[in-house]
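Peer 1: predicted model, plus sequence, below.
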Amino acid sequence: IKGKNKAIYTKEGFVTVGLAWIAISFFGALPFIFSGTIPSIIDAFFETSSGFTTTGASILTEVQSLPKGILFWRSFTHWVGGMGFLIFILALMPSFGGNTIHLLKAESPGPTPGKIVPKIKQTAKILYAIYFVLTVIETIFLKFAGMSWYDAIIHALGTAGTGGFSNMNASVAAFNNPTVDWIITIFMLLFGVNFVLYFQLIRGNFKAFFKSEELKWYLIAVFGAIAIIAVNIIPFNNGDVTRSIRDSAFQVASVVTTTGYATADFNLWPTLSKMILVMLMFMGAMAGSTGGGIKTIRIVIIFKAIRREIDKILHPRRVKSVKIDGNVVEEETISGVFIFILPPSMEELKQRIIKRGSETEESLMTRFKNAYQEINYVSKYNYAVVNDEVHLAAKKIEGIIAAEKCRVDRIKDTILDSKEGLIHEQLYD
């Protein structure tokens, strides 16, 4: 019996994407097994999974002697997986029934994925068209920089998918070509930008492109890191400023987009440079790009949310929202961002807030009760001064109310936000 409801909801979206990645990784491992390049099924599955997920880890210690067809397939898995395998299928296959936006949400690495045009299929086509054009342009540039067509294609695929597979054991450093280094550096950074912004540029909406807060902070982090590391490694490069800037730019671009290409052994660099690279690795590129990491937009939202909470402490009556590009960020999204990065800490914080709210309400009621008992005691003990004592006690109650009202209201609002977040998590779990 066929079900009438073919709609795809959030649960179905995540299950479909998870199972699809496992299935495609299994079938993608078959060329390695049939060719005898990687005879072990587990090793072949690992290599393919690393390719499709653009992780870049490899069980191969020597790649230059492998058949060119196998190396091309290995890099092509990066390219397909970079934008997302399910998005690739949505772009090629006939339209699916149901709400395929949930497939896009499950596949997207950002906190708030969405459509750039009304139809998901058209959105997928536009994204992959931009992706394909950028890959072709990089391939042409690499060819004119001195690479063979084969080498240029392999490294363009690895750059586009931000996975970093190379056909050289020494990666990009094997070419020892400054022009190649700069081309790959620029395109790694370009593939780390949200592809929706490229679509806005194509439409002529330059304001939306340059207004992007995430793009602004992404570029600030990248160029700031390049400058600091370049200065820091000048002594390491024997005073060669040009080489220091090139090495710094290449490694920053490679790390922040999680591509993994290398032209220098940065493990030998000073501690400051290595610390900056580690922080960039966690931050990652922009949401909606092929880059990995936490994503710049999540870092921006976290800092803005923290700033809002500090502002609430200083100005309890002020109502302030977290905004990105002039648009209010929903509390559900903010909660999801915190849970994505610090799930145990957020859960503990919620419980503390709820407990603190309960304790505050109990404390307030106890103080009211004590004040009332004081009034009764005074009235029985000395009728002559009862009016004055009642007046003082009433003033005391007013002071308690004035001091506690703002605190209770603020904590109740926080409790409601926390409970809504917990209910939302339970519903989607």
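Peer 2: Ah, there it is.
Peer 1: low-scoring stretches of the stretch 51-200 of the chain, by residue?
Peer 2: Scanning the stretch 51-200 of the chain for pLDDT under 70 picks out the ranges 85-120.
Peer 1: repeat the analysis, applying 90 as the threshold.
Peer 2: 51-58, 60-61, 65, 78-129, 161-164, 170-171, 194-197, 199-200 (pLDDT under 90).
Peer 1: need the helices for it, in chain order.
Peer 2: Here the stretch 51-200 of the chain has its helices, by DSSP state H, counting those that start in this stretch, at 68-83, 85-92, 101-107, 120-144, 149-160, 178-190, 195-202.
Peer 1: looking at those, which is nearest to Gly284?
Peer 2: Among these, helix 178-190 comes nearest to Gly284, with 12.5 Å by CB to CB. All C-beta atoms are positioned from the backbone trio N, CA, C, and that covers glycine.
Peer 1: that closest one: which residues count as buried?
Peer 2: Buried residues in helix 178-190, counted by 16 or more other CB atoms under 10 Å: Val180, Asp181, Ile183, Ile184, Thr185, Phe187, Met188, Leu189, Leu190.
Peer 1: just to revisit the earlier point, tell me which of the helices of the stretch 51-200 of the chain sits most buried.
Peer 2: helix 149-160 (a mean of 23; mean count of other CB atoms under 10 Å).
Peer 1: show residues contacting that one.
Peer 2: Contact with helix 149-160 is made by 68, 71-72, 75-76, 78-79, 82, 131, 134-136, 138-140, 142-143, 147, 164-167, 172, 175, 184, 187-188, 191, 259, 261, 290, as judged by CB atoms under 8 Å, 6 or more residues apart in numbering.
Peer 1: got it, and stretch 274-281?
Peer 2: Against stretch 274-281 from outside (CB under 8 Å, 6+ apart): 221-222, 225, 228-229, 251-252, 255-256, 258, 266-267, 293.
Peer 1: could you rerun that using 6 Å?
Peer 2: The contact list for stretch 274-281 (CB atoms under 6 Å, 6 or more residues apart in numbering) reads Ala225, Ile229, Val255, Val256.
Peer 1: ok, now stretch 54-66?
Peer 2: 37, 43, 46-47, 50, 78, 81-82, 161-164, 169, 260.
Peer 1: which of the residues you listed are buried? Put it as a ChimeraX command.
Peer 2: Entered in ChimeraX, the line below selects the buried ones among those, by 16+ other CB under 10 Å:
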select :37,43,46,47,50,78,81,82,161,162,163,164,260
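Peer 1: what's near enough to touch Thr258?
Peer 2: Counting by CB under 6 Å, 6+ apart, Thr258 touches Thr162, Gly291, Gly292, Gly293.
Peer 1: what sits closest to it if chain neighbours are left out?
Peer 2: Gly292 (3.5 Å; CB to CB, 6 or more residues apart in numbering).
Peer 1: pretty sure that neighbour sits in a helix.
Peer 2: No: going by DSSP: H, G, I helix; E, B strand; the rest coil, the assignment for Gly292 is coil, not a helix.
Peer 1: count the residues that sit near it.
Peer 2: When counting by other CB atoms under 10 Å, one arrives at 23 neighbours for Gly292.
Peer 1: considering the contacts of stretch 274-281, which possesses the most neighbours?
Peer 2: Val256 (30 neighbours).
Peer 1: one step back: any chance of the helices of the stretch 51-200 of the chain in a markdown table with distance to Lys320 as columns?
Peer 2: Shown next, in a markdown table, are the helices of the stretch 51-200 of the chain (distance: least, CB to CB, whole Å):
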| stretch | distance to Lys320 |
| --- | --- |
| helix 68-83 | 36 |
| helix 85-92 | 36 |
| helix 101-107 | 28 |
| helix 120-144 | 33 |
| helix 149-160 | 40 |
| helix 178-190 | 33 |
| helix 195-202 | 27 |
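Peer 1: tell me how far the residue nearest to Thr258 lies from Met283.
Peer 2: For Gly292, the distance to Met283 equals 10 Å [CB to CB, to the nearest Å].
Peer 1: returning to what we had before: looking at the helices of the stretch 51-200 of the chain, which is nearest to Phe338?
Peer 2: That would be helix 101-107 among these, by CB to CB, at 18.6 Å.
Peer 1: what's stretch 246-257 in contact with?
Peer 2: So stretch 246-257 is contacted by 162, 181, 185, 188-189, 192, 225-226, 229-230, 261, 263-264, 266, 277, 280-281, 285, 291 (CB under 6 Å, 6+ apart).
Peer 1: what residues sit buried inside stretch 52-69?
Peer 2: For stretch 52-69, by 16+ other CB under 10 Å, it's Phe52, Thr53, Thr54, Thr55, Gly56, Ser58, Leu60, Val63, Leu66.
Peer 1: the first one and Met275, how far apart?
Peer 2: If I follow you right, that is Phe52. Phe52 is 31 Å from Met275, by CB to CB.
Peer 1: tell me the backbone dihedrals of Ile324, please.
Peer 2: Note on Ile324: backbone dihedrals following degrees, to the nearest 10 are phi -130, psi 120.
Peer 1: and it, how many residues sit next to it?
Peer 2: Neighbours of Ile324 under the rule other CB under 10 Å: 17.
Peer 1: same question, Asp265
Peer 2: 9.
Peer 1: shaky segments in the stretch 251-400 of the chain?
Peer 2: Judged by pLDDT under 90, the stretches of the stretch 251-400 of the chain that qualify are 260, 265-266, 282, 284-400.
Peer 1: now the strands: where do they sit in it?
Peer 2: 323-324, 327-328 (DSSP state E, counting those that start in this stretch).
Peer 1: in its sheet, what does the first one sit against?
Peer 2: So that's strand 323-324. strand 327-328 (antiparallel) (DSSP bridges).
Peer 1: got the contact list for the strand it pairs with?
Peer 2: Ser321.
Peer 1: picking that back up, using CSV, lay out the contacts of stretch 54-66 together with distance to Ile310.
Peer 2: CSV is the format used below for the contacts of stretch 54-66 (distance: CB to CB, whole Å):
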residue, distance to Ile310
Thr37, 56
Asp43, 51
Phe46, 45
Glu47, 47
Ser50, 42
His78, 42
Gly81, 40
Gly82, 38
Gly161, 40
Thr162, 35
Gly163, 39
Gly164, 39
Asn169, 51
Gly260, 37
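Peer 1: relative to Phe303, which of the contacts of stretch 54-66 is nearest.
Peer 2: Thr162 (24.5 Å).
Peer 1: assess the claim that Leu71 and Asn167 are in contact.
Peer 2: Yes: using CB atoms under 6 Å, Leu71 is in contact with Asn167, at 4.7 Å.
Peer 1: spatially nearest residue to Ser49 (excluding sequence neighbours)?
Peer 2: Leaving out its chain neighbours, Ser49 is closest to Ser25 (CB to CB, 6+ apart), at 4.3 Å.
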